[in-house]
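Engineer: prediction below, plus the sequence it came from.
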Amino acid sequence: MDHVDRITAQWNRERPDLDTGPMGLLGRLARLRNHLARETEKVFAGHGINMAAFDVLATLRRSGAPYRLSPGDLLATTMVSSGTMTNRLDQLEKAGLIERTHNPEDRRGVIIALTDKGLALVDAAVESHVQNQHRLVAALSPGERDALDGLLRTFLAKFE
């Protein structure tokens, strides 16, 4: 019996008229998300960044050489407001991890690019991140991971 089982048992005792099955499923997903986020943040902190910074750096890195995107392209992949993105970019630029340059196709616009320092940091961070992800799912067999991944893909598709 886990923490969520105790909560749903209490609700079942107090409100037997309610079907609390979804409460258990969603409660476990929420608790897992919190545990996984905490473990992920520890890895990023070891590289001197947080999840938000990694999100931007990894988006630039995944874009391929020369690791540069317009602010609009970054916004489209990170799902944050333009104000939040500007703040993230300011901090990353101050740390020397990205640089803003004029867009050669539109002199009024800018391009966000990884610096050599930013590229080295995100490459090291993503290696640690992937190792950590393997550690976090190690309690599940490969078949269980595949089954869970398939179920979550189906569930997520209903929202996206």
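Structural biologist: Now that the structure is in, tell me what you want to look at.
Engineer: before we move on, which element is the residue lying closest to Met1 once chain neighbours are set aside in?
Structural biologist: Closest residue to Met1 in three dimensions, ignoring its sequence neighbours and counting by C-beta to C-beta, 6 or more residues apart in numbering: Ala9, at 7.9 Å. Quick note: C-beta positions are derived from backbone N, CA and C, even for glycine. Assessed by DSSP states H and E, Ala9 sits inside helix 3-14.
Engineer: circling back: let me know the pLDDT of the residue nearest to Met1.
Structural biologist: Reading off the per-residue confidence, Ala9 sits at a pLDDT of 95.
Engineer: where's it relative to Met23, distance?
Structural biologist: From Ala9 over to Met23 the distance is 11 Å, taken as C-beta to C-beta, to the nearest Å.
Engineer: same question, Val122
Structural biologist: 39 Å.
Engineer: name the residue in those two with the higher neighbour count.
Structural biologist: Val122 (25 against 15; other C-beta atoms under 10 Å).
Engineer: wait, the more buried one sits on Thr59?
Structural biologist: No. Assessed by C-beta atoms under 8 Å, Val122 is found out of contact with Thr59, at 9.6 Å.
Engineer: name the single longest strand found in the chain.
Structural biologist: strand 106-114 (DSSP state E).
Engineer: hmm, who's touching that one?
Structural biologist: Here strand 106-114 makes contact (C-beta atoms under 8 Å, 6 or more residues apart in numbering) with 57, 60-61, 66-71, 74, 89, 97-104, 122.
Engineer: from those residues, which ones fall inside helices?
Structural biologist: 57, 60-61, 71, 74, 89, 122 (DSSP state H).
Engineer: okay if I get these as TSV plus pLDDT and distance to Met51?
Structural biologist: Putting the ones in helices among the contacts of strand 106-114 into TSV (pLDDT from 0 to 100; distance: C-beta to C-beta, whole Å) gives the following:
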residue	pLDDT	distance to Met51
Leu57	97	11
Leu60	96	15
Arg61	97	15
Pro71	87	20
Leu74	91	15
Leu89	95	16
Val122	98	13
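Engineer: in those, find the pair that's most separated.
Structural biologist: Spatial extent of the ones in helices among the contacts of strand 106-114 (C-beta to C-beta) is set by the pair Pro71 and Val122 at 18.1 Å.
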